[in-house]
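[1] what follows is a predicted protein model with its sequence.
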There are 2 protein chains.
Amino acid sequence: MEDIYLNAKTASYKLTSLSDDVKNKALLKVAEAIKNNANIILEENKKDLLLAANLLSENKLTKALYDRLKLDEEKLNTIIKGIEEVISLEDPVNKTLWATELDKDLELYRVSCPIGVIGVIFESRPDVVPQIASLAIKSANAVILKGGIEAFKSNEIFIKLINDALKTIPEFPENSINLIKTREDVKEMLKMDNYIDLIIPRGSNDLVKYIQENTKIPVLGHTEGICHIFVDEHADLSKALKICIDSKIQYPAACNSVETLLIHENISKKLLPELISEFKKNQVIVKGDESTISIVPKIEKATEEDWETEYSDKIISIKIVDNIVEAINHINTYGSGHTDCIITENKENSDLFMNLVDSAGVYCNASTRFADGFRYGLGAEVGISTNKTHARGPVGLEGLTIYKYKLYGSGQIVAEYSGNNAKTYTHKRIIK
Amino acid sequence: MEDIYLNAKTASYKLTSLSDDVKNKALLKVAEAIKNNANIILEENKKDLLLAANLLSENKLTKALYDRLKLDEEKLNTIIKGIEEVISLEDPVNKTLWATELDKDLELYRVSCPIGVIGVIFESRPDVVPQIASLAIKSANAVILKGGIEAFKSNEIFIKLINDALKTIPEFPENSINLIKTREDVKEMLKMDNYIDLIIPRGSNDLVKYIQENTKIPVLGHTEGICHIFVDEHADLSKALKICIDSKIQYPAACNSVETLLIHENISKKLLPELISEFKKNQVIVKGDESTISIVPKIEKATEEDWETEYSDKIISIKIVDNIVEAINHINTYGSGHTDCIITENKENSDLFMNLVDSAGVYCNASTRFADGFRYGLGAEVGISTNKTHARGPVGLEGLTIYKYKLYGSGQIVAEYSGNNAKTYTHKRIIK
């Protein structure tokens, strides 16, 4: 079994030398293969759905997971469009990030390059396979994919079609795109820190947490998305109303939807009655602290536990705060560093909030739902990260790259730059 | 004990808002404090040295560690000069890395910011305390330092002087620079993934390995430095000679000194006799594979173990290879991804080598000893990383930063950009 990892590592070394042209040709072949074999894919998917329907009827699978498992013509078209979009993106590797002359004929280049081997662990959505495969191809990384057992047949047919397509490109190294299948395989994968350079979990908080706690390999992702909106005393209340509602109801299950509102006490009496009535109109359950209840009595009481909860549902908690500092401290204490917003017309307060709130996204007067790679214009999204190293927030193709230093000399040695009569470095910026 | 971590985290939130001016003022105060209290520092250091001398005589401490522990006027001047250099560097945080208009009056900025709380674990060199403290101040990170027990008094006086100096700057948050003291403290520190965002170990391979294996916190650093030079058949032999010698003997204990030479067989007979004789003149022990011995008989035989060994000493192993691909494969198999060099006048071969060798530094015709933050012109070095994520190679102040996304809107919600009549994103680059 270790072979798959060793082979992927070997493939990763070869991938680095592919030109953007070859990678785009390979992506085009993959898109064509999916287009030309839609029937076969849907047939295999049906086999998964049949088994899943049984699990559903036995309550061993949720309706949401079943829906995500299901492929149709429309989903396949979205997949193909996604691959075409990846083709159109700028090559993220072999870019000179900067260059410095250290001395005459001694030039240092920082050049972007692939990370190496990426492990991706996901749940029932089989469309993750072509999506991640295309991102890997474009960024010249090898990948080891592990999908949910319920999508077994769908994942397998995708991997087969992708690898058959890649085989038609002679320069493309074999073993670049790999699939592992069992839970035992995952346990082994998490130990492969000699071969895998980065793990990306895509799925429930529990899945991400399990992976973070069971591997030494760097993990890119986020567990919770406990997002906040602070409505400042200098807020435009119509903006506040609009943004609070959108951030909660536009897609309540998303990680970037808001969970807790912090309302400045000076505007709480003006804002809360209308805001809460608007929430109720939209079937949102509202929970509030004592001060909130004293203004709008007919709501549930929020407890300490609420401040730590990602509802992922039409539920919102509200707390009234004395000032902006209390709001910032609340967010830095209970938040998950995902996306947090201030509604204010006061520049000083917006600066204070956006500098001091320690989150991947800090917003002023915009819905938290904008936290997304496509909306940010990144072109493709690998995932959203709440890490404090490597990549933070919505992560595009760039997150699958690192850099290497290339030094071009003409025989220079360090002894010449040391001791008496040492030559000095010029350190002249050549690029950027 | 958890208080120290919580307090450091709280300090880290406040640090982010400091201007470069305030940070530079603080650094100046620190430099002055060290200058004005040189006698006290050297006195405290003497107490450490007295105990260390006993350990030395009992063979419980090496001479090298004893030497590193010792401070003198010259080392203190170097420390002060180092702080002045950090003051002169560009502020690494609050830089707009790029900005995009998502739509009219909806602007996204990617802005560099501190990582948060950095843990630094180091061995006997007490000069690490003011060095890391100054890098932390400039990058607005809080730090928790853990030094070797043998430098207890020296570390303590540095921390006291630094914190007394910082107290004279009213804007500077307390608890930014912290020292922990015992091995038990380290064990606890490694569990503080809720508070510490990055660990930087500075010391032996064993120390780094221990830390990597015992924490979930990201670790920045390297264990081994098994660096290679491949002398291609198209090499300029005088350059080869000069670079091979410098890379080995200029400072054999350094992580960027060369351990294994790979010699193309077509030039081996021409190069090896002179090269090996030059090594022997410089008291370097030479080990060779069978082919090498067949050319220069009077050397030790190199075994498989040699290819995996960082000698950190005046010892070198030599292997003759059939071609460049064998050299590249050897390096990717046995190397540590630190720094590897090709000597060649052939551009195609240099490109192949520099693209396919998966190391932080890939060099053509220059000594591996150039792998260093100061030589690269980074201004200050946090350490050298062989990680494949976040920061790779010599790491400057930038390695202590990450970024956040700041989104400035004017009431926009995502619902307006979805469904029928959806507004479209402009995704116009504003900066860069």
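    Okay, I see it. Numbering: from 1, shown residues only, chains lettered A, B, ... in the order given.

[2] got the residues of the stretch 201-350 of chain A near chain B?
    Near chain B, the residues belonging to the stretch 201-350 of chain A are A:212-213, A:216, A:218, A:220, A:236, A:238-239, A:242-243, A:245-247, A:250-251, A:328, A:332, A:350 when assessed by Cβ under 8 Å from any Cβ of the partner chain. For every residue, glycine as well, the C-beta is placed using N, CA and C.

[3] pull out the buried residues from those.
    Under a neighbour-count criterion of 16 or more other Cβ atoms under 10 Å in any protein chain shown, the subset of those counted as buried comprises A:212, A:218, A:220, A:236, A:239, A:242-243, A:245-247, A:250, A:328, A:332, A:350.

[4] make JSON lines out of the residues you listed and add secondary structure and pLDDT.
    As requested, these are exported to JSON lines (DSSP: H, G, I helix; E, B strand; the rest coil; pLDDT from 0 to 100):
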{"residue": "A:Gln212", "secondary structure": "helix", "pLDDT": "91"}
{"residue": "A:Pro218", "secondary structure": "coil", "pLDDT": "95"}
{"residue": "A:Leu220", "secondary structure": "coil", "pLDDT": "95"}
{"residue": "A:Asp236", "secondary structure": "coil", "pLDDT": "98"}
{"residue": "A:Lys239", "secondary structure": "helix", "pLDDT": "98"}
{"residue": "A:Lys242", "secondary structure": "helix", "pLDDT": "98"}
{"residue": "A:Ile243", "secondary structure": "helix", "pLDDT": "98"}
{"residue": "A:Ile245", "secondary structure": "helix", "pLDDT": "98"}
{"residue": "A:Asp246", "secondary structure": "helix", "pLDDT": "98"}
{"residue": "A:Ser247", "secondary structure": "helix", "pLDDT": "98"}
{"residue": "A:Gln250", "secondary structure": "coil", "pLDDT": "95"}
{"residue": "A:Ile328", "secondary structure": "helix", "pLDDT": "98"}
{"residue": "A:Asn332", "secondary structure": "helix", "pLDDT": "97"}
{"residue": "A:Ser350", "secondary structure": "helix", "pLDDT": "98"}
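
[5] pull the most distant pair out of the residues you listed.
    Taking Cβ to Cβ as the measure, these span a maximum distance of 41.7 Å, between A:Pro218 and A:Asp236.

[6] quick check: A:Asp372 vs chain B, distance?
    8 Å (Cβ to the nearest Cβ, to the nearest Å).

[7] thought A:Glu381 was touching that residue, still the case?
    Yes. The pair formed by A:Asp372 and A:Glu381 meets the contact definition of Cβ atoms under 8 Å, at 6.7 Å.

[8] what touches both of those two?
    Shared contacts of A:Asp372 and A:Glu381 (Cβ atoms under 8 Å, 6 or more residues apart in numbering or on different chains): A:Pro394.

[9] what does the helix or strand hosting A:Asp340 rub up against?
    Counting by DSSP states H and E, the element that carries A:Asp340 is strand A:339-343. When contacts are defined by Cβ under 8 Å, 6+ apart, strand A:339-343 is touched by residues A:225, A:227-232, A:235-236, A:239-240, A:243-244, A:247, A:256, A:258, A:324, A:327, A:331, A:349-350, A:353-354, A:357, A:359-368, A:371, A:393.

[10] show the average pLDDT along it.
    Here strand A:339-343 scores 98 as its mean pLDDT.

[11] quick one: it to chain centroid distance?
    On the basis of Cα atoms, centre = their mean, to the nearest Å, strand A:339-343 is displaced by 19 Å from the centre of the chain it belongs to.

[12] and if you look at stretch A:21-29?
    Chain-centre distance of stretch A:21-29: 24 Å, with Cα atoms, centre = their mean.

[13] now do the buried residues in that stretch.
    Buried residues in stretch A:21-29, counting neighbours by 16+ other Cβ under 10 Å, are found at A:Val22, A:Lys23, A:Asn24, A:Lys25, A:Ala26, A:Leu27, A:Lys29.

[14] tell me the one of these nearest A:Leu397?
    Comparing the buried residues of stretch A:21-29 against A:Leu397 with Cβ to Cβ places A:Lys23 closest, at 11.4 Å.

[15] so what sits opposite the residue nearest the centre of chain A in the bridge?
    Most central in chain A under Cα atoms, centre = their mean is A:Gly383, positioned 1.4 Å from the mean C-alpha point. Here A:Gly383 sits in beta bridges with A:Val395, going by DSSP bridges.

[16] what sits against it?
    Neighbouring residues of A:Gly383 by Cβ under 8 Å, 6+ apart: A:Ile200, A:Arg202, A:Leu220, A:Gly221, A:His222, A:Pro394, A:Val395, A:Gly399.

[17] for B:Ser410, see how far away it is.
    Using Cβ to Cβ, to the nearest Å, one gets 29 Å for the distance from A:Gly383 to B:Ser410.

[18] again with A:Asn59
    When distance is defined by Cβ to Cβ, A:Asn59 is 47 Å away from B:Ser410.

[19] neighbour count: those two, which is higher?
    Between A:Asn59 and B:Ser410, B:Ser410 has the larger neighbour count (other Cβ atoms under 10 Å in any protein chain shown), namely 15 against 7.

[20] the more buried one contacts B:Asp103, doesn't it?
    No. Contact criterion Cβ under 8 Å: B:Ser410 and B:Asp103 do not qualify, at 9.8 Å.

[21] phi, psi of the nearest residue to A:Asp236 once chain neighbours are set aside?
    With Cβ to Cβ, 6 or more residues apart in numbering or on different chains as the criterion, A:Asp236 has its nearest non-adjacent residue at 5.6 Å, and that residue is A:Glu345. Backbone dihedrals for A:Glu345, given as degrees, to the nearest 10, come out at phi -110, psi 10.

[22] perfect, that will be all.
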